[in-house]
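Novice: Would you be able to build a 3D model of this:
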Amino acid sequence: MDAAINRSYHIIDSRMGTDAEPANFVLVPFHDPVFGPATVTDNADHFKSALNNLKTKDGGDCPELALNGLRLALTNSEPYSSCFVFTDASAKDEVMRDSVVALAQHKKIEVSFFVSGKCWHSGHTGRRRRASRTKKATTGNKLYSDIAFSTGGQALDLTKKDILEGTQIIESTVQLSKVSLFKAYDLPPTTNNGRAHVFPIDLTLTEVTIEVNGYIEKMNMIDPKGTSRKIGTTGKIKFIANLPTLHIVKMTNLVPGMWKIRVNSFMSYSVSVYGLSTLDFIHTFGKSVTDGPHPGHKEIGGRPLKGKPAHIMMKIFGAIGQDIARMEQMDLVNIKDKILNSKSLQKISPISQYTAEAIPPDIPFLVRLVGRDGNGNVIHRLLNTVVEPSTTEIIAYASTKNSTLAPGGSTDVRFTVFNIGKPAAFRIKATDEKDFVQMVTPDRVNLQVNDSADGYITLAAPKHAAFGTTSTVTLTVHTNTAGQTFNFMVFDVIVAPQDLDEDPPTCTVVETKGDCSTVGPTMDCKKFNYTVTASFMDIGYGLYDIQAKYPTQTDIGRQNVDHFQVGLTNQSVKGVFHSTCCHPKFQLIAIDVVGNVGRCVIEINNISTSPVDESNLSTYILIACIGLAIVGLLILVVICIICRKRIRNKVIFIR
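Specialist: From the prediction side, this is the model:
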């Protein structure tokens, strides 16, 4: 825990006031039997304070609610964020795996795990058990490894004494302009000569970081000229972390060209290469729609389907242009960096948008863009998340109408499950962080090849849910049979008015005590007081707040408003407002839960001051304006008649 906090402090302090300063922070504690709450802030000091308040807890039950905590963090994180989980225990809530993976992939969030300690779940006994690190790496850690693999992160197994150095990986991950250049997972042990992994360095890169995860006997760099370069502790190519299972190398003062890292290992290992560059891309998978009112690229909600043409839209941003960088090709590569398919890019906008169409392979793959910089050096940009095609598709027909809930209201969202794979039994599940999901009907279906089934999700909001409350629903479908398939869809529901409410709350002055009409400019206004009693009511979606507004905030007195439940309708609420004659004129403001505002304008001239209800104020003004207009018109007519008579008399007199 201390290592994670110290590393977070270092990242925050070293980047405050720079372009690399994190935009927002999310912190979610978890243990057993609870998780949360989430601390979400853009204030670094607030985040530090929340970190300081963290305390480790040992409830005696080794598995903890790690995935519930992770889902809450993902819900509150911005798309394209990085999420880090620190734990010494296995997850008690493995059933949340699909929901977590779906939400992370939907928001394109990279999830990494830092696992230290030896507390892992043994069956369902609920007892805390200590196991060997070797056993842990092959059992309890597999869940974390699977999630990290599916989201583009890493699962690192570190001793407590190595955790501070191991978290150096966060430094390279949390970068504003981080781009992925190369990834290879679960590579087999090497021969005596080792194995070389090739990656290009282009002119747009300012720094490169290489991460090798596994037990490594030896590794070295080979530059574009074929010269072997030793990795030292200082210099242009150096270790910034060198642990038994994690090795991080940083390269600066880069020489463009094709570089190699040669690795010798007697066990399986993984390699990732990142860089800092303004040139990168984002993507969406979809379908090419040629008919209907909106032809073009239609984004799909989850994973692409195996064997079905996929339309891949890519938006390239940063240092792009004929003299700086040009992108030419899209490669689909497997998780060991072998090319499975290549397609030329089709430019659909003058600068930054490209598209390609390809049939997704049957195995997990990565999307890589290939191009050239202004000097002809090869450019690689890799999609950080592994794409896992599915033989199942699930579509939720969420719309503005059926994904909007009134407080205490409910709605059904229809969905359809399609199966293009082998006959199987499927489990359908829906979750959300606000517990709006009541049930899924059906939650199990048997589907044949090219078969489909319809169902619906029932959602309900609590009676006192505040307007504007949003919950993210994750709908998943999977089968546990051989060749397991999985897919998902994510959508939001919001608590909002079902009917239009444009009527502001009413404000009625019941009693006024006091007299400010006799207070002269040379008198001490603080010695003269008044009290106003008023009642407030809303006939729409209910009251939200009642307050007094004075011209200045000095010597404003006090107010006593009866307690009321937010959303109270058709019942009056009394408020008593005390102040001095320093503020003989002020407003009483009542706000309802949808933002309508009602006002009483109060002016304490004498003991019998009458209330002014803003709901009638416009009527009073209109009547006054009409009256003034009529009086003005009469005066104008009289003047014109008199003038005309005088002119006529004058003419006659001259004759």
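Novice: just for this structure, where's the confidence low?
Specialist: Applying pLDDT under 70 to the chain flags residues 1, 19-20, 55-62, 117-140, 290-297, 319-323, 350-351, 481-484, 553-555, 606-655.
Novice: Could you list which residues are in contact with the spatially most central residue of it?
Specialist: Centroid-nearest residue in the chain: residue 78, 3.0 Å away (criterion: CA atoms, centre = their mean). Going by CB atoms under 8 Å, 6 or more residues apart in numbering, residue 78 touches 23-24, 107. (C-beta placed from N, C-alpha, C; glycine too.)
Novice: Looking at neighbours, which among the residues you listed is most surrounded?
Specialist: residue 107 (18 neighbours; other CB atoms under 10 Å).
Novice: With residue 109 as the reference, measure out to the closest residue in space to it that isn't next to it in sequence.
Specialist: Of all residues not flanking residue 107 in the chain, residue 79 sits nearest, at 4.6 Å (CB to CB, 6 or more residues apart in numbering). According to CB to CB, to the nearest Å, residue 79 and residue 109 sit 7 Å apart.
Novice: Which of the helices or strands spans the residue nearest to the centre of the chain?
Specialist: Assigned by DSSP states H and E, residue 78 belongs to no helix or strand.
Novice: Now do it against residue 23, distance only.
Specialist: Per CB to CB, residue 78 is found 7 Å from residue 23.
Novice: what's the span of stretch 349-356 from first residue to last?
Specialist: End-to-end distance for stretch 349-356: 13 Å, by CA to CA, to the nearest Å.
Novice: wait, stretch 104-116
Specialist: With CA to CA applied, stretch 104-116 spans 23 Å between its terminal residues.
Novice: Could you give me the buried positions within it?
Specialist: Using 16 or more other CB atoms under 10 Å as the test for burial, stretch 104-116 gives 104-116.
Novice: Next, residue 366: secondary structure please.
Specialist: strand (DSSP: H, G, I helix; E, B strand; the rest coil).
Novice: Repeat that for the one 5 residues further on.
Specialist: Using three-state DSSP, the three-state assignment for residue 371 comes out as strand.
Novice: okay, now it: neighbour count?
Specialist: 19.
Novice: Repeat that for residue 275.
Specialist: Other residues within reach of residue 275, judged by other CB under 10 Å, total 29.
Novice: and it, what are its bridge partners?
Specialist: Listed by DSSP bridges, the beta-bridge partners for residue 275 are residue 179, residue 208.
Novice: That one and residue 201 touch, don't they?
Specialist: Yes. Contact criterion CB atoms under 8 Å: residue 275 and residue 201 qualify, at 7.5 Å.
Novice: between these two, what contacts are shared?
Specialist: Taking CB under 8 Å, 6+ apart as the criterion, residue 275 and residue 201 both touch residue 208.
Novice: picking that back up, what sits against the residue nearest to residue 107?
Specialist: Contacts of residue 79 (CB under 8 Å, 6+ apart): 107-109.
Novice: With residue 21 instead?
Specialist: 15, 44.
Novice: How about residue 423?
Specialist: Contacts of residue 423 by CB under 8 Å, 6+ apart are 446-449, 451.
Novice: hang on, the earlier thing: please tell me how far the residue nearest to the centre of the chain sits from residue 391.
Specialist: Counting by CB to CB, the gap from residue 78 to residue 391 is 32 Å.
Novice: And for residue 490?
Specialist: 20 Å.
Novice: what about these two, which has more around it?
Specialist: residue 391 (23 against 20).
Novice: how about the helices in this structure?
Specialist: Taking DSSP state H, the helices of the chain run over residues 2-15, 44-52, 66-75, 97-107, 133-138, 141-151, 163-166, 168-173, 614-654.
Novice: So which residues of the stretch 451-600 of the chain form strands?
Specialist: For the stretch 451-600 of the chain, the strands defined by DSSP state E, counting those that start in this stretch cover 451-460, 470-478, 486-495, 506-514, 529-537, 543-549, 558-561, 573-580, 585-592, 597-603.
Novice: just those strands: most buried one?
Specialist: strand 470-478 (a mean of 23; mean count of other CB atoms under 10 Å).
Novice: Nearest residue to residue 496 in space, please, no chain neighbours.
Specialist: Nearest to residue 496 is residue 404, by CB to CB, 6+ apart, at 5.0 Å.
Novice: Tell me which residues touch that neighbour, please.
Specialist: Per CB under 8 Å, 6+ apart, neighbours of residue 404: 411, 493-496, 498.
Novice: Report the two of the residues you listed separated the most.
Specialist: For those, the maximum inter-member distance is 13.1 Å, found between 493 and 498 (CB to CB).
Novice: now the buried residues of stretch 104-116 as TSV including distance to residue 512?
Specialist: Shown next, in TSV, are the buried residues of stretch 104-116 (distance: CB to CB, whole Å):
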residue	distance to residue 512
104	60
105	63
106	58
107	56
108	60
109	58
110	63
111	62
112	65
113	66
114	66
115	69
116	69
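Novice: Out of those residues, flag the one nearest to residue 271.
Specialist: Nearest member of those to residue 271, counting by CB to CB, is residue 112, at 15.5 Å.
Novice: So what pairs up with that closest one in the strands?
Specialist: According to DSSP bridges, beta-bridge pairing links residue 112 with residue 84.
Novice: how near is it to residue 187?
Specialist: Taken as CB to CB, the spacing of residue 112 relative to residue 187 amounts to 19 Å.
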